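K.L.:
give me coordinates for this.
(chains A and B)
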Amino acid sequence: GDSVTQMEGPVTLSEEAFLTINCTYTATGYPSLFWYVQYPGEGLQLLLKATKADDKGSNKGFEATYRKETTSFHLEKGSVQVSDSAVYFCALRSAGGTSYGKLTFGQGTILTVHP
Amino acid sequence: SAVISQKPSRDICQRGTSLTIQCQVDSQVTMMFWYRQQPGQSLTLIATANQGSEATYESGFVIDKFPISRPNLTFSTLTVSNMSPEDSSIYLCSVPGQQFLNTGELFFGEGSRLTVL
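P.N.:
Sure thing, here's the model as predicted:
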């Protein structure tokens, strides 16, 4: 079945540091890939997406590129801020899924950014 | 976007009891989804709640353990029955965005954190 593996956290960085959170997946066909973020006290929200190979999703300074050859979708940001402290979830939706709305999530990575 | 309210936000329950979680959405939606996030693990889809029909359960989840109601297009409940410590989790309600098939965007409530003693 489908699965998503994220790098283990927590990740602690200083402000303006470079961020990478690794995400790899296992799925048949060509899934759509997503990063969701959960800020303290809030619900999960979509951060960015990519629906086909070599697509780059971007939002709020974050980027992730859909790499079919390495089955990866790593999240990056060049300069993190304290306000980026949150839990980040990598997720996929299978191309031929029969469960409408079924996203397969990674386990989440806690990011803490210090001033 | 959709605003989703869940109640309770957290609760501590005794083994063998049942608890019902409510999910209210500020707009009408065809489908609502219930996810579970066990400690240190990823989110797992429990079931899809359809208005006017029975919920569709994912493998490993059964109606007797997680009965779901969907009385109208803005509301759903999930009951966790005969709880054991293994049911200690965060339960999340979610709804698809209008462009879900293209974007994959789901809107989530803040979750209900259950601890079973």
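K.L.:
burial count for the closest residue to residue B:17 other than its chain neighbours?
P.N.:
In this structure, residue B:17 finds its nearest non-sequential neighbour in residue B:83, 5.8 Å apart by CB to CB, 6 or more residues apart in numbering or on different chains. The way it works is simple: take the backbone N, C-alpha and C, and place the C-beta from them, glycine included. Using other CB atoms under 10 Å in any protein chain shown, residue B:83 has 21 neighbouring residues.
K.L.:
now do the SS call for residue B:83.
P.N.:
For residue B:83, the assignment made with DSSP: H, G, I helix; E, B strand; the rest coil gives coil.
K.L.:
buried residues in the worst-scoring helix or strand of chain B on mean pLDDT?
P.N.:
When the helices and strands of chain B are scored by mean pLDDT, DSSP states H and E, helix B:100-103 comes last with a mean of 72. For helix B:100-103, burial by neighbour count (16 or more other CB atoms under 10 Å in any protein chain shown) applies to residue B:100.
K.L.:
the next helix or strand after that helix: how far from the chain's middle?
P.N.:
As assigned by DSSP states H and E, the chain's next helix or strand after helix B:100-103 is strand B:106-108. Put simply, strand B:106-108 sits 12 Å off its chain's centre (CA atoms, centre = their mean, to the nearest Å).
K.L.:
what pairs with the helix or strand just after strand B:106-108, and is each one parallel or antiparallel?
P.N.:
Where DSSP H and E defines the elements, the next helix or strand beyond strand B:106-108 is strand B:112-116. With DSSP bridges as the test, strand B:112-116 is paired with strand B:10-13 (parallel), strand B:89-96 (antiparallel).
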